[in-house]
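Participant: Okay, predicted coordinates and the sequence, questions at the end:
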Amino acid sequence: MNSSACLADRVVIVTGAARGLGRAIATGCAAAGGRVVIADREAAEGEAAAADILAAGHAAVAVPTDVARLDDLRRLCAATVARFGRIDGLVNNAGVDFVKPFVDVTEAEWDHVIDIDLKAAFFLTQFVARQMLAQQPVGGSIVQIASVHTLAAVAGAAPYDAAKHGMVGFSKAAAVELAEHGVRVNVVSPGLCRTTIWRDLVAAAPSEAACLDYWRTQIPGGRLIEPEEIAAVAVFLLSDAAGAVTGANVVADLGMTSLLVGRQPYTPRPITGV
């Protein structure tokens, strides 16, 4: 199969696809031949994202969806099957985060993050898996967008860390149960991407240059990850080229979580051995 059409005629749902990383993933799936369902609570932006994909000559439809509502998730699956007849792929990308000290987090704040980042992903994975098991031919691929927070933590992100660790946990369990039926479940853990979170970091810094200088010391690759790079990983995992891959947590972070400490702000003299 031509790699540029590795998702030819596959029906793929992408949540949080109206903007940022989700939109890049939806666009990448469509460019690979997929028929894409844009699921986002921002209806107008979702329609705009679908219109851009259609204008590029690919298939897409927007389904307004609040992932925190299970009825919306059921409706999303039903609408996808009604439109395209089946579901071949799912990318659970929708998510929220905030920064607040662990000791100050409220129950409402905890519930908000867990409901969107973990509960929604769990149940949409369940609903889609049921469809994948019922349809002919049986099978499909599910991709969860997690974070490098599945491997390390930063201050002020305890609920987000808990949600993303939970996403990896339930995905491994689902992968084990569904493997014999041809349904694969994998996780992608991106590092710092040029998305909304980057704009938030820049807004909190003295300047974008200062912010970038700091993060370059924390990222061996020395740059931000572009959303299209994560989209390429998701497309691979959705495709038959990843047919042997299930239950994996694929880290795409330019080496961030492999770094023990940040770069020194000076060039040290060589340390010679004995």
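Facilitator: That came through fine. If you're wondering where the values come from, they're calculated on a predicted model, not measured in any experiment.
Participant: residues contacting the residue nearest to Met256 when sequence neighbours are not counted?
Facilitator: In space, Met256 comes closest to Gly191 once its chain neighbours are excluded; the distance is 4.4 Å by C-beta to C-beta, 6 or more residues apart in numbering. For the C-beta atoms, the positions are set from N, CA and C on the backbone; glycine is no exception. Listed by C-beta atoms under 8 Å, 6 or more residues apart in numbering, the contact set of Gly191 reads 148, 219, 225, 251-254, 256-257.
Participant: Got the domain ranges for the protein?
Facilitator: 3-190+231-251, 193-224 (automatic domain parsing).
Participant: And these, which one averages the lowest pLDDT?
Facilitator: Ranked by mean pLDDT, those end with domain 193-224 at the bottom, a mean of 88.
Participant: Identify the residue nearest the geometric centre of this structure.
Facilitator: Taking C-alpha atoms, centre = their mean, the centroid of the chain lies closest to Ile145, which sits 2.3 Å from it.
Participant: which residues in the stretch 151-274 of the chain form strands?
Facilitator: Listed in chain order, the strands of the stretch 151-274 of the chain (DSSP state E, counting those that start in this stretch) span 183-190, 249-252.
Participant: Mean neighbour count, these: which tops it?
Facilitator: Of all the strands of the stretch 151-274 of the chain, strand 183-190 has the most neighbours on average by mean count of other C-beta atoms under 10 Å, namely a mean of 24.
Participant: tell me which strands and helices that strand is in contact with?
Facilitator: On a contact count with 3 or more C-beta pairs under 8 Å, 6 or more residues apart in numbering; DSSP states H and E, strand 183-190 meets helix 120-134, strand 140-145, helix 158-178, helix 227-238, strand 249-252.
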